[in-house]
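Chemist: below is the structure, and that's it, no one-letter string:
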């Protein structure tokens, strides 16, 4: 074997240093060999060690190349193709080494050289300052270690420079994450490069942007991650607050934005967010200097471009719908205000309130053909079938069986949500809400409502003329002119004031012959959020009671126990704090009903013991119990039963409520008379003290009475009755809060019908009239397709098609027909301060005439010739 082959197979790691008996001198001549005579036998030369072979090779290198450096320069000579002076052996051996096909490859050699103690300069050497130098010429660095580190630093710098340059450009492979978002209103620029859209901003995601950076710039991401990610024992630590991934994305985005102002994906998104938060201009300027945000002028230019492109897209979509004889968009509006305060008091400057109207267009999907036919709608309205509507017709249209199932599922939801041992049932409860038994008219799976903001105007929508001009302006932005709306229906919506203003506009413009100019085709409905807010106010007004209420079932008592704030104005509550209180009080009382049913003191401990015994109840059993509890504690039958001691004692097993210990008030009257709860003679607040508590205090020490008639003594449990009404009303409101996010408008419609009866006497005239009109539009037989357009199609439920033509004359058979129901013959007894319920056929009713009914804020359904039955176009 030749010396070259032996050197080729040499492995440094498999040999130790030579022993002391071996002596080598670098640069000495190779040892002489005594020639062998022919008479002597042929002797084998002694086997040389690897170190001897190295010494022989180095002797040749020193003799022929003077140094290892010169030898390596020729060894790794990179000759151009066609003029390579190297031999075949030279080429093959070097190629095998550089390509890693040999046993020892470049990774081993680099490590040996870099970690060699002779490669590291002393701290006094000039080469020591060149470690990882990004600019020092490599020829000036003598020691190997600083030279290799400087070479690596400069190489990495060039690579990172190229990677960041790639990030400043959009991915040619067509990634969903666009690095460059162009925003301009120039027509010439729009045709050259794609412009930013709301879809681009809607897809923004920090994790997705991080994946894009890792894929397109792995070295840049690694370096930034190495700088930002904390480590412990060599492993990266993931922190919940200020995660390093978000920091790395922000840093790389700033690097790209500094290189190219068009690489503004993250800075533009942050800039729009700052604009929405009304950040100060100085904040935007500072963040723009750091590369975290674009400048304010760029933000405004982007928003203007988005508005223009979105409006064009909206008009195109509306035009496509009109070709099919359909109006595929509706819009909702409301007033907006901004108070401009002049900080510098100068002549001609004064603070003023800017008032205008804003609107948002909403796309209508999955509507039946013909739902927007105005001629069919007007023809049905002219039949005046709505005049036959009564309270009983609304009541009979409610699917009470379905409501009981829904409430039972809510009661079970509360239980499994608070008991950890029943956590496995939570997903099953959610699945039941979407099942065929509960869902009534749910949006198709995966559908997302498409919305488009419209340009604001300076009109006052509460005024009739201002509303008219606002409607015309918004419809013009959508591309709906007189020709487009000929014979079609368009749906503007808003709160109670907006709804009333639209009706006034239609009333004053009704003399015009054209459907467009008379506004007959504008079919307005109150929006659900405002309806829920009104219902929440009614719930608070009914159940909070006085500040120092003696009723333990009042929400004021619960608010004191839970240390939550009581609304200062019950007629106009703060929505979200009051909503949280309703959820809290409802769930606490429902859990208490479950506790009473299981006859335990600690519900959580009870189920914990069952879990340890592996004896937890099944889902179906708990659902059946929940249905029983709803009938017992949250139904009209339970309420009427609580008002009568005789009915309470004779109730069935399903409806019978276990009798508890007598409750004693802190301050009692001189003659307590009942153990079923505080009666009309027991009170915690004296009448003289109540005068100082405000107008919302209701004195309970007077019995409702009418002239010439003596009322029987009350022997029921008023506290229990109030508790049942709260659980019923709060359950309905919470059901609407769950059904709306679920997209089940059929369930919401059932709640609207129930609230229509409950709140019709509370003075919310605007929304009540709107809900009545909406109920008529949905319930009359002609309104089937119109219900689809409004989103209230009940998907085949018979209650949606109730024929109200003969409901005034036909008998409605329900359980205990002689029992007065909510909303039937209800009036306020001013003397006693209570609500009195009378049946419709009572001859001795306290209401003397229909004029008194109107003054009491009620709708007369018996007087068919009243103005309330006029045709409303």
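Modeler: Yep, it's here. Given the structure is predicted, the values throughout are model-derived calculations rather than measurements.
Chemist: how far does the helix or strand harbouring residue 267 sit from its chain's centre?
Modeler: Using DSSP states H and E, residue 267 sits within helix 265-276. Its chain's C-alpha centre and that of helix 265-276 lie 19 Å apart, by C-alpha atoms, centre = their mean, to the nearest Å.
Chemist: likewise stretch 341-361?
Modeler: Taking the mean of its C-alpha atoms, stretch 341-361 sits 32 Å from the chain's own mean (C-alpha atoms, centre = their mean).
Chemist: can you give me the end-to-end span of it?
Modeler: Start-to-end span of stretch 341-361 (C-alpha to C-alpha, to the nearest Å) is 31 Å.
Chemist: mean confidence score for that stretch?
Modeler: Average pLDDT, stretch 341-361: 88.
Chemist: for that stretch, list every residue counted as buried.
Modeler: Using 16 or more other C-beta atoms under 10 Å as the burial criterion, the residues of stretch 341-361 that qualify are 355-359, 361. C-betas here are computed from N, CA, C, even on glycine.
Chemist: from those, which is closest to residue 741?
Modeler: residue 361 (21.4 Å; C-beta to C-beta).
Chemist: go ahead and confirm that closest one touches residue 475.
Modeler: No - contact between residue 361 and residue 475 fails when scored by C-beta atoms under 8 Å: they sit 10.0 Å apart.
Chemist: between the two, what contacts are shared?
Modeler: Counting by C-beta atoms under 8 Å, 6 or more residues apart in numbering, the shared contacts of residue 361 and residue 475 are residue 331.
Chemist: spatially central residue for the protein, please.
Modeler: By C-alpha atoms, centre = their mean, the mean C-alpha position of the chain lies nearest to residue 741, the distance being 9.6 Å.
Chemist: if you count neighbours, what's buried in the one helix or strand that residue maps to?
Modeler: Following DSSP H and E, one finds residue 741 within helix 718-742. Residues of helix 718-742 classed as buried by neighbour count (16+ other C-beta under 10 Å): 718-740, 742.
Chemist: next secondary structure element downstream of that helix?
Modeler: Immediately after helix 718-742, counting by DSSP H and E, sits helix 745-758.
Chemist: what count of nearby residues applies to residue 542?
Modeler: Neighbours of residue 542 under the rule other C-beta atoms under 10 Å: 18.
Chemist: verify the stated contact: it with residue 725.
Modeler: Yes - taking contacts as C-beta under 8 Å, residue 542 lies within contact range of residue 725: 7.4 Å.
Chemist: report the angle between the helix or strand hosting residue 632 and helix 718-742.
Modeler: Per DSSP H and E, residue 632 falls inside helix 619-633. Interaxial angle, helix 619-633 versus helix 718-742 (axes from the mean of the first three to the mean of the last three C-alpha atoms, to 10 degrees): 130 degrees.
Chemist: what's in contact with helix 619-633?
Modeler: 404-405, 407-409, 411-412, 415-416, 422, 425, 428, 432, 593-594, 597, 637-638, 654-657, 723-724, 727, 731.
Chemist: buried ones in that helix, by neighbour count?
Modeler: 619, 622-623, 625-627, 629-633.
Chemist: still on that earlier bit, buried ones among the contacts of helix 619-633?
Modeler: 404-405, 407-409, 411-412, 415-416, 422, 425, 432, 593-594, 597, 637-638, 655, 657, 723-724, 727, 731.
Chemist: shaky segments in the stretch 151-300 of the chain?
Modeler: Scanning the stretch 151-300 of the chain for pLDDT under 70 picks out the ranges 174-175, 185-193.
Chemist: A strand includes residue 176, no?
Modeler: No - read with DSSP: H, G, I helix; E, B strand; the rest coil, residue 176 is coil and lies in no strand.
Chemist: which parts of this protein are strands?
Modeler: Secondary structure of the chain (DSSP state E): strands at 231-232, 235-236, 329-340, 352-363, 451-453, 492-494, 525-526, 826-829, 834-837.
Chemist: coming back round to it: just the contacts of helix 619-633: which are in helices?
Modeler: Judged by DSSP state H, helices contain the following of the contacts of helix 619-633: 404-405, 407-409, 411-412, 415-416, 428, 432, 593-594, 597, 637-638, 723-724, 727, 731.
Chemist: ok, back up a step: okay if I get the buried residues of stretch 341-361 as JSON lines plus distance to residue 132?
Modeler: Listed next are the buried residues of stretch 341-361 as JSON lines, based on distance: C-beta to C-beta, whole Å:
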{"residue": "355", "distance to residue 132": "64"}
{"residue": "356", "distance to residue 132": "61"}
{"residue": "357", "distance to residue 132": "64"}
{"residue": "358", "distance to residue 132": "58"}
{"residue": "359", "distance to residue 132": "61"}
{"residue": "361", "distance to residue 132": "59"}
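Chemist: I'd like to know which elements the helix ranked longest in the chain is packed against.
Modeler: With secondary structure taken from DSSP H, the chain has its longest helix at helix 296-323. For helix 296-323, the elements it packs on are helix 265-276, helix 281-290, strand 329-340, strand 451-453, judged by 3 or more C-beta pairs under 8 Å, 6 or more residues apart in numbering; DSSP states H and E.
Chemist: let's go with 7 Å and repeat that
Modeler: Contacts defined by 3 or more C-beta pairs under 7 Å, 6 or more residues apart in numbering; DSSP states H and E place helix 296-323 against helix 265-276.
Chemist: ok and the helix it packs on relative to helix 296-323, angle-wise?
Modeler: Counting by the same axes, to 10 degrees, helix 265-276 lies at 90 degrees to helix 296-323.
Chemist: quick one: residues in contact with helix 265-276.
Modeler: Applying C-beta atoms under 7 Å, 6 or more residues apart in numbering, the contact partners of helix 265-276 are 178-179, 181, 201, 204, 209, 253, 257, 283-284, 291-294, 298-299, 302-303.
Chemist: show the buried residues in those residues.
Modeler: Buried subset of the contacts of helix 265-276 (neighbour count, 16+ other C-beta under 10 Å): 178-179, 181, 201, 204, 209, 253, 257, 284, 291-294, 298-299, 302-303.
Chemist: quick one: pLDDT of the residue nearest to residue 604 when sequence neighbours are not counted?
Modeler: Excluding its sequence neighbours, the residue lying closest to residue 604 (C-beta to C-beta, 6 or more residues apart in numbering) is residue 419, at 6.4 Å. We have a pLDDT of 93 for residue 419.
Chemist: burial measure for residue 419, as a count.
Modeler: A count of neighbours around residue 419, defined by other C-beta under 10 Å, yields 20.
Chemist: got it, and the one 4 residues further on?
Modeler: By other C-beta under 10 Å, 10 other residues sit near residue 423.
Chemist: got a list of what it touches?
Modeler: Counting by C-beta under 7 Å, 6+ apart, residue 423 has contacts residue 416.
Chemist: phi and psi next, for residue 102.
Modeler: Main-chain dihedrals, residue 102, degrees, to the nearest 10: phi -90, psi 170.
Chemist: against residue 90, how distant is the nearest residue to it once chain neighbours are set aside?
Modeler: Of all residues not flanking residue 102 in the chain, residue 96 sits nearest, at 4.8 Å (C-beta to C-beta, 6+ apart). Residue 96 sits 11 Å away from residue 90, taking C-beta to C-beta, to the nearest Å as the criterion.
Chemist: same deal with residue 573?
Modeler: Note on residue 573: its distance to residue 90, by C-beta to C-beta, is 91 Å.
Chemist: what's the distance between residue 530 and residue 575?
Modeler: The value you get for residue 530 to residue 575, if C-beta to C-beta is used, is 10 Å.
Chemist: the two: who's more crowded?
Modeler: Taking neighbours as other C-beta under 10 Å, residue 530 and residue 575 compare with residue 530 leading, 21 against 13.
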